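Peer 1: Predicted model and sequence follow; I will ask about them next.
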Amino acid sequence: TRYDVSCSFVEIGGTAGVLACFKDITEVEQAGEIRREFVANVSHELKTPLTALLGFIETLQGPAKNDAQARERFLGIMDAEANRMNRLVGDLLSLSRVEEDARMRPSESLDICEILSTVVRNLDEVAKSRGHEIVLHQPDSPVTLPADRDQLMQVFINLIENAVKYGGRDGQVTISVEPVERDQTLRKPAVRISIADTGPGIDAVHIPRLTERFYRIDSHRSREMGGTGLGLAIVKHIVARHRGRMKIESSLGQGSTFTVILPKN
Ligand code: ADP
(Lines give C-alpha, C1' and ligand atoms only; values in the text may rest on other atoms or scores of the structure.)
Protein backbone atom coordinates (compact mmCIF):
# COMPACT_ATOMS: atom_id res chain seq x y z
CA THR A 1 0.00 0.00 0.00
CA ARG A 2 1.23 3.53 -0.82
CA TYR A 3 0.40 6.53 1.35
CA ASP A 4 0.64 10.25 0.73
CA VAL A 5 1.52 11.73 4.17
CA SER A 6 1.19 15.36 5.22
CA CYS A 7 1.99 16.76 8.71
CA SER A 8 1.07 20.01 10.42
CA PHE A 9 1.54 21.45 13.90
CA VAL A 10 -1.70 22.12 15.75
CA GLU A 11 -2.69 23.51 19.09
CA ILE A 12 -5.96 22.34 20.62
CA GLY A 13 -7.09 23.69 23.99
CA GLY A 14 -3.56 24.77 24.93
CA THR A 15 -2.05 21.41 24.01
CA ALA A 16 0.40 21.42 21.12
CA GLY A 17 0.60 18.45 18.82
CA VAL A 18 1.29 17.16 15.35
CA LEU A 19 -1.51 16.22 12.97
CA ALA A 20 -0.52 13.60 10.43
CA CYS A 21 -2.79 12.81 7.47
CA PHE A 22 -2.35 9.50 5.66
CA LYS A 23 -4.02 9.24 2.26
CA ASP A 24 -4.12 5.84 0.56
CA ILE A 25 -2.97 6.50 -3.04
CA THR A 26 -2.40 2.86 -4.05
CA GLU A 27 -5.26 2.85 -6.57
CA VAL A 28 -4.31 6.19 -8.11
CA GLU A 29 -0.72 5.00 -8.53
CA GLN A 30 -1.83 1.68 -10.00
CA ALA A 31 -4.13 3.45 -12.49
CA GLY A 32 -1.22 5.70 -13.51
CA GLU A 33 1.04 2.69 -13.95
CA ILE A 34 -1.56 0.86 -16.10
CA ARG A 35 -2.00 3.98 -18.26
CA ARG A 36 1.76 4.38 -18.74
CA GLU A 37 2.12 0.71 -19.68
CA PHE A 38 -0.79 0.96 -22.14
CA VAL A 39 0.67 4.03 -23.87
CA ALA A 40 4.09 2.33 -24.07
CA ASN A 41 2.47 -0.78 -25.62
CA VAL A 42 0.44 1.21 -28.15
CA SER A 43 3.50 3.25 -29.14
CA HIS A 44 5.56 0.11 -29.60
CA GLU A 45 2.83 -1.65 -31.62
CA LEU A 46 2.46 1.37 -33.94
CA LYS A 47 6.16 2.07 -34.20
CA THR A 48 7.08 -1.37 -35.55
CA PRO A 49 4.99 -1.17 -38.76
CA LEU A 50 5.72 2.55 -39.09
CA THR A 51 9.49 1.97 -39.01
CA ALA A 52 9.10 -0.72 -41.68
CA LEU A 53 7.02 1.62 -43.86
CA LEU A 54 9.54 4.47 -43.55
CA GLY A 55 12.40 2.12 -44.37
CA PHE A 56 10.71 0.83 -47.53
CA ILE A 57 9.74 4.35 -48.67
CA GLU A 58 13.40 5.39 -48.36
CA THR A 59 14.53 2.34 -50.31
CA LEU A 60 11.96 2.97 -53.03
CA GLN A 61 13.08 6.57 -53.34
CA GLY A 62 16.75 5.57 -53.49
CA PRO A 63 18.41 2.23 -54.24
CA ALA A 64 15.28 0.45 -55.58
CA LYS A 65 14.02 3.41 -57.61
CA ASN A 66 14.40 1.71 -60.99
CA ASP A 67 13.98 -1.90 -59.89
CA ALA A 68 10.44 -2.89 -60.93
CA GLN A 69 10.64 -6.32 -59.25
CA ALA A 70 11.81 -4.96 -55.89
CA ARG A 71 9.19 -2.21 -56.08
CA GLU A 72 6.43 -4.76 -56.50
CA ARG A 73 7.67 -6.84 -53.55
CA PHE A 74 8.19 -3.84 -51.27
CA LEU A 75 4.74 -2.43 -52.07
CA GLY A 76 3.25 -5.79 -51.04
CA ILE A 77 5.03 -5.63 -47.67
CA MET A 78 4.06 -1.96 -47.19
CA ASP A 79 0.45 -2.86 -47.89
CA ALA A 80 0.56 -5.57 -45.19
CA GLU A 81 2.20 -3.22 -42.65
CA ALA A 82 -0.30 -0.42 -43.34
CA ASN A 83 -3.15 -2.91 -42.89
CA ARG A 84 -1.64 -3.99 -39.57
CA MET A 85 -1.67 -0.38 -38.36
CA ASN A 86 -5.22 0.02 -39.61
CA ARG A 87 -6.39 -3.06 -37.68
CA LEU A 88 -4.65 -1.87 -34.53
CA VAL A 89 -6.22 1.61 -34.71
CA GLY A 90 -9.62 -0.02 -35.40
CA ASP A 91 -9.26 -2.27 -32.33
CA LEU A 92 -8.13 0.64 -30.15
CA LEU A 93 -11.20 2.61 -31.20
CA SER A 94 -13.48 -0.39 -30.49
CA LEU A 95 -11.88 -0.79 -27.07
CA SER A 96 -12.29 2.86 -26.13
CA ARG A 97 -15.90 2.83 -27.35
CA VAL A 98 -16.86 -0.14 -25.18
CA GLU A 99 -14.99 1.30 -22.20
CA GLU A 100 -16.60 4.71 -22.59
CA ASP A 101 -19.72 4.36 -20.50
CA ALA A 102 -19.45 0.94 -18.95
CA ARG A 103 -22.61 1.46 -16.87
CA MET A 104 -24.83 1.86 -19.93
CA ARG A 105 -26.40 -1.50 -20.65
CA PRO A 106 -27.56 -2.32 -24.19
CA SER A 107 -31.30 -2.99 -24.21
CA GLU A 108 -32.41 -3.92 -27.72
CA SER A 109 -33.99 -7.39 -27.73
CA LEU A 110 -32.02 -9.55 -30.17
CA ASP A 111 -32.02 -13.14 -31.36
CA ILE A 112 -28.61 -14.62 -30.54
CA CYS A 113 -29.14 -17.48 -33.03
CA GLU A 114 -29.57 -15.06 -35.92
CA ILE A 115 -26.42 -13.15 -34.90
CA LEU A 116 -24.37 -16.36 -34.69
CA SER A 117 -25.66 -17.65 -38.05
CA THR A 118 -24.61 -14.37 -39.70
CA VAL A 119 -21.13 -14.43 -38.13
CA VAL A 120 -20.59 -18.09 -39.07
CA ARG A 121 -21.69 -17.41 -42.66
CA ASN A 122 -19.21 -14.52 -42.87
CA LEU A 123 -16.29 -16.52 -41.47
CA ASP A 124 -16.96 -19.81 -43.25
CA GLU A 125 -14.70 -19.05 -46.24
CA VAL A 126 -11.70 -18.07 -44.08
CA ALA A 127 -12.21 -21.18 -41.93
CA LYS A 128 -12.39 -23.45 -45.02
CA SER A 129 -9.20 -21.90 -46.41
CA ARG A 130 -7.42 -23.16 -43.26
CA GLY A 131 -9.07 -26.56 -43.48
CA HIS A 132 -11.46 -25.87 -40.59
CA GLU A 133 -15.08 -26.83 -40.36
CA ILE A 134 -17.44 -24.66 -38.32
CA VAL A 135 -20.34 -26.54 -36.74
CA LEU A 136 -23.17 -24.57 -35.17
CA HIS A 137 -25.56 -26.23 -32.69
CA GLN A 138 -28.45 -24.04 -31.70
CA PRO A 139 -32.15 -24.31 -30.89
CA ASP A 140 -34.62 -23.94 -33.79
CA SER A 141 -36.62 -21.23 -32.08
CA PRO A 142 -35.16 -17.73 -31.45
CA VAL A 143 -33.23 -17.12 -28.21
CA THR A 144 -33.62 -13.46 -27.39
CA LEU A 145 -31.77 -11.26 -24.91
CA PRO A 146 -31.07 -7.54 -24.38
CA ALA A 147 -27.96 -6.74 -26.40
CA ASP A 148 -26.12 -4.44 -28.77
CA ARG A 149 -26.01 -6.15 -32.15
CA ASP A 150 -22.67 -4.73 -33.38
CA GLN A 151 -20.97 -5.43 -30.07
CA LEU A 152 -22.18 -9.04 -29.89
CA MET A 153 -21.15 -9.59 -33.51
CA GLN A 154 -17.69 -8.31 -32.51
CA VAL A 155 -17.53 -10.78 -29.57
CA PHE A 156 -18.30 -13.80 -31.74
CA ILE A 157 -16.14 -12.66 -34.67
CA ASN A 158 -13.15 -12.31 -32.29
CA LEU A 159 -13.72 -15.68 -30.60
CA ILE A 160 -14.43 -17.66 -33.77
CA GLU A 161 -11.53 -16.00 -35.64
CA ASN A 162 -9.22 -16.93 -32.75
CA ALA A 163 -10.45 -20.53 -32.84
CA VAL A 164 -9.62 -20.61 -36.56
CA LYS A 165 -6.29 -18.73 -36.18
CA TYR A 166 -4.90 -20.65 -33.22
CA GLY A 167 -6.78 -23.93 -33.68
CA GLY A 168 -4.04 -25.56 -35.79
CA ARG A 169 -4.88 -26.80 -39.27
CA ASP A 170 -7.77 -28.99 -40.41
CA GLY A 171 -9.63 -28.73 -37.14
CA GLN A 172 -13.21 -28.26 -36.12
CA VAL A 173 -14.79 -25.26 -34.43
CA THR A 174 -17.96 -26.20 -32.56
CA ILE A 175 -20.34 -23.46 -31.47
CA SER A 176 -23.17 -24.32 -29.08
CA VAL A 177 -26.01 -22.20 -27.77
CA GLU A 178 -27.69 -23.37 -24.60
CA PRO A 179 -30.35 -21.44 -22.67
CA VAL A 180 -30.15 -22.13 -18.91
CA GLU A 181 -32.88 -21.47 -16.37
CA ARG A 182 -30.45 -20.07 -13.82
CA ASP A 183 -26.74 -19.38 -14.08
CA GLN A 184 -25.06 -20.08 -10.72
CA THR A 185 -22.86 -16.96 -10.80
CA LEU A 186 -25.22 -14.49 -12.49
CA ARG A 187 -28.16 -15.90 -10.48
CA LYS A 188 -30.45 -15.29 -13.43
CA PRO A 189 -31.84 -17.04 -16.49
CA ALA A 190 -29.06 -16.92 -19.07
CA VAL A 191 -27.77 -18.11 -22.42
CA ARG A 192 -24.46 -19.98 -22.66
CA ILE A 193 -22.60 -19.69 -25.95
CA SER A 194 -19.47 -21.80 -26.23
CA ILE A 195 -16.84 -21.83 -28.96
CA ALA A 196 -14.65 -24.94 -28.84
CA ASP A 197 -11.66 -25.67 -31.06
CA THR A 198 -9.53 -28.75 -31.60
CA GLY A 199 -6.23 -26.82 -31.52
CA PRO A 200 -3.10 -27.30 -29.38
CA GLY A 201 -4.73 -25.72 -26.30
CA ILE A 202 -3.38 -23.18 -23.82
CA ASP A 203 -1.08 -23.75 -20.83
CA ALA A 204 -2.89 -22.98 -17.55
CA VAL A 205 -0.39 -20.24 -16.60
CA HIS A 206 -1.55 -18.07 -19.50
CA ILE A 207 -5.32 -18.43 -19.03
CA PRO A 208 -5.90 -15.74 -16.35
CA ARG A 209 -3.93 -13.18 -18.40
CA LEU A 210 -5.43 -13.75 -21.86
CA THR A 211 -7.93 -10.88 -21.60
CA GLU A 212 -5.24 -8.31 -20.71
CA ARG A 213 -4.56 -5.80 -23.46
CA PHE A 214 -1.65 -6.88 -25.67
CA TYR A 215 -1.13 -10.19 -23.83
CA ARG A 216 -0.12 -12.88 -26.32
CA ILE A 217 1.29 -16.33 -25.77
CA ASP A 218 3.34 -16.20 -28.94
CA SER A 219 3.72 -12.63 -30.24
CA HIS A 220 5.32 -13.73 -33.48
CA ARG A 221 2.49 -16.11 -34.32
CA SER A 222 -0.16 -13.57 -33.31
CA ARG A 223 1.35 -10.91 -35.60
CA GLU A 224 1.77 -13.42 -38.42
CA MET A 225 -1.95 -14.23 -38.14
CA GLY A 226 -2.85 -10.53 -38.22
CA GLY A 227 -3.56 -10.28 -34.47
CA THR A 228 -3.39 -7.04 -32.50
CA GLY A 229 -3.41 -8.53 -28.97
CA LEU A 230 -6.62 -6.63 -28.19
CA GLY A 231 -9.28 -9.12 -29.34
CA LEU A 232 -9.98 -10.78 -25.99
CA ALA A 233 -9.73 -7.48 -24.06
CA ILE A 234 -12.52 -6.15 -26.30
CA VAL A 235 -14.55 -9.34 -25.75
CA LYS A 236 -14.15 -9.03 -21.96
CA HIS A 237 -15.39 -5.42 -21.93
CA ILE A 238 -18.38 -6.10 -24.18
CA VAL A 239 -19.42 -9.10 -22.10
CA ALA A 240 -19.11 -7.04 -18.89
CA ARG A 241 -21.22 -4.31 -20.46
CA HIS A 242 -23.93 -6.90 -21.08
CA ARG A 243 -23.63 -7.92 -17.37
CA GLY A 244 -22.40 -11.33 -18.48
CA ARG A 245 -19.31 -13.38 -17.78
CA MET A 246 -16.71 -15.33 -19.73
CA LYS A 247 -15.06 -18.66 -18.99
CA ILE A 248 -11.91 -20.03 -20.63
CA GLU A 249 -11.24 -23.76 -20.38
CA SER A 250 -8.17 -25.28 -21.96
CA SER A 251 -5.16 -27.45 -21.41
CA LEU A 252 -2.25 -28.35 -23.63
CA GLY A 253 -3.16 -30.91 -26.25
CA GLN A 254 -6.88 -30.71 -25.45
CA GLY A 255 -8.13 -27.75 -27.52
CA SER A 256 -9.79 -24.68 -26.00
CA THR A 257 -13.33 -23.67 -25.13
CA PHE A 258 -14.33 -20.03 -24.68
CA THR A 259 -17.80 -19.68 -23.12
CA VAL A 260 -19.78 -16.45 -22.95
CA ILE A 261 -22.71 -16.41 -20.52
CA LEU A 262 -25.21 -13.59 -21.03
CA PRO A 263 -28.25 -12.83 -18.84
CA LYS A 264 -31.65 -13.21 -20.54
CA ASN A 265 -33.06 -10.17 -18.78
P1 ADP B 1 -4.57 -11.62 -30.87
O2 ADP B 1 -4.88 -10.41 -31.66
O3 ADP B 1 -3.12 -11.83 -30.61
O4 ADP B 1 -5.26 -12.82 -31.43
P5 ADP B 1 -6.37 -11.88 -28.56
O6 ADP B 1 -6.59 -10.92 -27.45
O7 ADP B 1 -7.53 -12.22 -29.42
O8 ADP B 1 -5.16 -11.27 -29.42
O9 ADP B 1 -5.78 -13.22 -27.96
C10 ADP B 1 -4.69 -13.16 -27.05
C11 ADP B 1 -3.83 -14.40 -27.16
O12 ADP B 1 -4.56 -15.53 -26.67
C13 ADP B 1 -3.45 -14.77 -28.58
O14 ADP B 1 -2.31 -14.06 -29.01
C15 ADP B 1 -3.22 -16.27 -28.47
O16 ADP B 1 -1.89 -16.49 -28.02
C17 ADP B 1 -4.17 -16.70 -27.36
N18 ADP B 1 -5.41 -17.36 -27.87
C19 ADP B 1 -6.61 -16.76 -28.10
N20 ADP B 1 -7.53 -17.65 -28.52
C21 ADP B 1 -6.92 -18.84 -28.57
C22 ADP B 1 -7.32 -20.19 -28.93
N23 ADP B 1 -8.57 -20.46 -29.35
N24 ADP B 1 -6.39 -21.17 -28.84
C25 ADP B 1 -5.12 -20.92 -28.42
N26 ADP B 1 -4.68 -19.69 -28.07
C27 ADP B 1 -5.55 -18.67 -28.14
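Peer 2: Received, thanks. All values derive from a computational prediction rather than experimental measurement.

Peer 1: Is the one helix or strand Gly90 maps to in proximity to the ligand?
Peer 2: Per DSSP states H and E, Gly90 falls inside helix 68-100. No: judged by CB under 6 Å from any ligand atom, helix 68-100 stays clear of the ligand, getting no closer than 7.8 Å. The way it works is simple: take the backbone N, C-alpha and C, and place the C-beta from them, glycine included.

Peer 1: so what does that helix touch, helix or strand wise?
Peer 2: helix 26-61, helix 231-241 (3 or more CB pairs under 8 Å, 6 or more residues apart in numbering; DSSP states H and E).

Peer 1: Give me the distance from the shortest one to the chain's centre.
Peer 2: The one in question is helix 231-241. Helix 231-241 has its average C-alpha position 6 Å from the chain's average C-alpha position, going by CA atoms, centre = their mean, to the nearest Å.

Peer 1: I'd like the next helix or strand past it.
Peer 2: Next along from helix 231-241, by DSSP H and E: strand 245-250.

Peer 1: circling back: which stretch among the helices and strands packed on helix 68-100 approaches Gly167 most closely?
Peer 2: helix 231-241 (14.2 Å; CB to CB).

Peer 1: which parts of the closest one are buried?
Peer 2: By neighbour count with 16 or more other CB atoms under 10 Å, helix 231-241 contains the buried residues Gly231, Leu232, Ala233, Ile234, Val235, Lys236, His237, Ile238, Val239, Arg241.

Peer 1: of those, list those near the ligand.
Peer 2: Gly231, Leu232, Ala233.

Peer 1: Which residues of this protein lie near the ligand?
Peer 2: So the chain meets the ligand at 158, 162-163, 166-167, 197, 199, 202, 210, 215-218, 222, 227-233, 256 (CB under 6 Å from any ligand atom).

Peer 1: partners of the one helix or strand Val18 maps to in the sheet?
Peer 2: Val18 belongs to strand 15-24 when elements are defined using DSSP H and E. Strand 15-24 sits in its sheet next to strand 3-12 (antiparallel), going by DSSP bridges.
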